[in-house]
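Visitor: here are the coordinates; sequence isn't available:
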Ligand SMILES: NC(=O)c1ccc[n+]([C@@H]2O[C@H](COP(=O)([O-])OP(=O)(O)OC[C@H]3O[C@@H](n4cnc5c(N)ncnc54)[C@H](O)[C@@H]3O)[C@@H](O)[C@H]2O)c1
């Protein structure tokens, strides 16, 4: 078994003090694993309810889109909205009123005013749609106050906070669902069905990525706050792993018969933000004081307990068409996205990719059959956002277990700190904690089963 940051086997003899600090942190964080006894929430059902009462925190770019979806789903009541920027919270309040609901209460007094929202006794579910570093503290507070949580990606940015989410979810018996919308994409759900039906044979390898040219968003003043760019000044690793990784993890049944075991990671040089700033940011702008340290293209390899492999990439600062790769490959065939294409052993026409269209009739996911048209009309990202929100409300109303649980949130978020540890140690292997404490061994196909 590899230990966190095991370097001996790689022949790396000496470490700089910063490397030692990273390794010490990794070890300390991994120790959290054994600190609470098993009280798993795997498969735990929501208590059924006629209406789902929601409070939402954060109305920047993303929050209003969740609100729009939730307001178009039957039996959802929005009770409270929160943002430190009053105008944003008021806009959200107006959206709710326009949809015919009573005006929700507004929380905008300070960056801890969300705590008052969480303390209300008329909320079942808190949505957290704030910058990354706020996700875990807000989710912990909401669960401590007895609320289920839907938290934007990534759920946490440190291994310690991944454990905090797991521990609080288990202690309070509240679910913490990371709002990984990509798992609900039309192609992703169809390929999940095909993988489960055995079309790709025994699964061996997956590839996942977040390759998205965000240079304008990161460096211009008319987009999100600075938080997203600031991450490039103090981290070198994969800053945003979950969109690519979530669906591949679902295909492979991660936490449902297999689990992430360890990863290695390396980063290319940092160039993209420097070059873009030189061209687009005027001299004297405070952004010129920043030093970007995150390598442009981060590539990691994850090894699973069953020995399978996943390549995981991140690049948001170079000119390249959007790509999550979304590849799954096994002994009988391969699917690869962007554009979607498929190849099966012995396929007619020889070694050429074929279209996915021929499989649609048989393998289209029932949720897409049922609400796909409404989803495309209502929800962002081609409808996947609406399907995710619709499904979460369905699970809560009908008393089902959620498709994704706190263990998924922790495992899919962990590559951010783990990749950083590996990069800092010359690409040394870094162990994933077993957030399920052994629960992963049970093979399950019950998620996304509607
Ligand atoms: N799943 C997806 O497809 C998707 C798409 C975009 C963004 N996101 C995620 O959504 C989250 C938000 O992204 P965004 O683009 O909306 O960012 P944003 O900066 O536009 O919005 C964040 C909002 O949170 C508010 N906020 C910050 N701290 C707060 C606090 N303490 N209390 C209350 N409100 C606070 C800000 O005022 C702002 O309105 C991020 O985690 C991002 O990764 C996900």
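Guide: Looks like it arrived, so ask away. Remember, predicted model here, so these are calculated numbers, not experimental data.

Visitor: any low-confidence regions in the stretch 301-450 of the chain?
Guide: Confidence mapping of the stretch 301-450 of the chain against pLDDT under 70 gives the ranges 450.

Visitor: what sits against whatever residue of it ends up closest to the ligand?
Guide: Using CB to the nearest ligand atom, the closest approach of the stretch 301-450 of the chain to the ligand is made by residue 381 at 5.8 Å. Every residue, glycine included, has its C-beta placed from N, CA and C. Neighbouring residues of residue 381 by CB atoms under 8 Å, 6 or more residues apart in numbering: 181-182, 185.

Visitor: Compare those residues and tell me which is most surrounded.
Guide: Counting neighbours by other CB atoms under 10 Å, residue 181 leads those with 28 neighbours.

Visitor: Could you double-check that that one lies in contact with residue 384?
Guide: Yes - proximity of residue 181 to residue 384 meets the contact threshold set by CB atoms under 8 Å, at 4.8 Å.

Visitor: can you give me the strands in this protein?
Guide: For the chain, the strands defined by DSSP state E occupy 52-57, 76-82, 105-107, 125-128, 148-151, 176-178, 203-211, 260-267, 298-304, 309-315, 327-330, 333-336, 341-344, 430-431.

Visitor: highest average neighbour count across the ones you listed?
Guide: Greatest average neighbour count among the strands of the chain goes to strand 176-178 (a mean of 29), per mean count of other CB atoms under 10 Å.

Visitor: near the ligand, which residues of the stretch 51-200 of the chain?
Guide: Contact residues, the stretch 51-200 of the chain versus the ligand (CB under 6 Å from any ligand atom): 57-63, 82-85, 88, 111, 114, 129-132, 134, 152-153, 181.

Visitor: Repeat the analysis, applying 8 Å as the threshold.
Guide: Within reach of the ligand by CB under 8 Å from any ligand atom, the stretch 51-200 of the chain has these residues: 57-63, 65, 82-85, 88, 107-108, 110-114, 129-132, 134-135, 138, 152-154, 179-182.

Visitor: From the residues you listed, which land in helices?
Guide: 63, 65, 88, 114, 132, 134-135, 138 (DSSP state H).

Visitor: so which of those residues is the most crowded?
Guide: Ranked by neighbour count (other CB under 10 Å), those have residue 135 at the top, with 28 neighbours.

Visitor: ok, and the closest non-adjacent residue to it?
Guide: Counting by CB to CB, 6 or more residues apart in numbering, the nearest residue to residue 135 once its immediate chain neighbours are dropped is residue 151, at 5.1 Å.

Visitor: I'd like to know how far that neighbour sits from residue 383.
Guide: For residue 151, the distance to residue 383 equals 21 Å [CB to CB, to the nearest Å].

Visitor: For the ligand, what's the nearest residue on this protein?
Guide: residue 60 (1.8 Å).

Visitor: ok, now which ones touch that residue?
Guide: Residue 60 makes contacts with 83, 88, 129-130, 224-225, as judged by CB under 8 Å, 6+ apart.

Visitor: Ok, residue 147 next?
Guide: Residue 147 touches 55, 118, 123-126, 174, counting by CB under 8 Å, 6+ apart.

Visitor: Do me a favour and get the backbone dihedrals for it.
Guide: As for residue 147, its main-chain torsions (degrees, to the nearest 10) stand at phi -110, psi 150.

Visitor: so what's it scoring on pLDDT?
Guide: Reported pLDDT at residue 147 in the predicted model: 98.

Visitor: got the residues of the stretch 351-450 of the chain near the ligand?
Guide: Applying CB under 8 Å from any ligand atom, we find that the stretch 351-450 of the chain lies next to the ligand at 380-381, 385.
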